[in-house]
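Undergrad: Have a look at this fold, sequence not included:
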């Protein structure tokens, strides 16, 4: 364990996440790159539909499915802090992902000695009427340059992740679909939905990453020892991921 004064995440001074500031506690983090692989090569493309309610999962914290004695799948619901799936992806590809974990023995013990894959699910990720958007694309772009996505037509059912740049809602009639989407620490070019098509969404998996992509960051409690207790718990459980105690 190494104590540092700045997180390992690639976040500049003054960075403000759409989900707000981090507080003392345990965070699961990734810079979205393993040996230099950019985010667009890692996202789920096409987006995979996921019936969240069928599993009776909670929409806060992590939901763990034990697949077998060696492997677990972890599911995380992306809530109101990121109104659109693309907001979360655009922030993450620039500054990395940081997800707060419950620092309790029960949850961490399920992750400590197993292989696992982390899944992020967004309620506005899988388009039920994707074909209508393919017929009126604002731009021919697929994150993974999949030929079937670039040549798709109105009968296509799959959701190319690139379509998530073209489904933004407007409260008033707009002359042009293109606009600049702004967030506290970044902005990006996006598109309103076609005037005659309203996006119909169901939850979908937009990113899943294996355990090897992650590290832990423990945000220091300045006037307490919460961070030390979390570090001790990770050591006791035999955690095999690197962790850092960081100050913010």
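TA: That came through fine. Please read these numbers as outputs of a predicted model, since none were measured by experiment. Numbering: from 1, shown residues only.
Undergrad: Strand partners (parallel or antiparallel) of the top strand by length along the chain?
TA: Taking DSSP state E as the assignment, the strand of the chain that covers the most residues is strand 115-127. When pairing is defined by DSSP bridges, strand 115-127 lines up against strand 71-77 (parallel), strand 201-210 (antiparallel).
Undergrad: Just give me the neighbour total for residue 65.
TA: Neighbours of residue 65 under the rule other C-beta atoms under 10 Å: 15. In short, each C-beta sits where N, CA and C put it, glycine included.
Undergrad: tell me the average confidence for the longest strand of the chain?
TA: Mean per-residue pLDDT for strand 115-127: 97.
Undergrad: mind listing what's buried in that strand?
TA: 116-127 (16 or more other C-beta atoms under 10 Å).
Undergrad: ok, so of the residues you listed, who is nearest residue 50?
TA: The nearest member of the buried residues of strand 115-127 to residue 50, counting by C-beta to C-beta, is residue 121 at 5.2 Å.
Undergrad: Now do the contacts for that closest one.
TA: By C-beta atoms under 8 Å, 6 or more residues apart in numbering, the contact set of residue 121 is 50, 52, 75-78, 203-206.
Undergrad: Name the residues linked to it by a beta bridge.
TA: Beta-bridge partners, per DSSP bridges, of residue 121: residue 77, residue 205.
Undergrad: What's the separation between the spatially most central residue of the chain and residue 48?
TA: The structure's the chain has its C-alpha centroid closest to residue 120; by C-alpha atoms, centre = their mean the separation is 5.1 Å. To residue 48, residue 120 is 11 Å away according to C-beta to C-beta, to the nearest Å.
Undergrad: just residue 226 next, same as before
TA: 37 Å.
Undergrad: Equivalent analysis for residue 21, please.
TA: 31 Å.
Undergrad: one step back: between the contacts of residue 121, which sits nearest residue 41?
TA: For the contacts of residue 121, the nearest to residue 41 is residue 206 (13.9 Å; C-beta to C-beta).
Undergrad: any idea of the mean pLDDT in whichever helix or strand comes after the longest strand of the chain?
TA: As assigned by DSSP states H and E, the chain's next helix or strand after strand 115-127 is helix 130-134. Averaged over helix 130-134, pLDDT sits at 95.
Undergrad: and the next element down the chain from helix 130-134?
TA: helix 147-150.
Undergrad: List the strands paired with the following helix or strand past that next one, with their directions.
TA: Next along the chain after helix 147-150, taking DSSP H and E as the criterion, comes strand 178-183. According to DSSP bridges, strand 178-183 forms sheet pairs with strand 186-191 (antiparallel).
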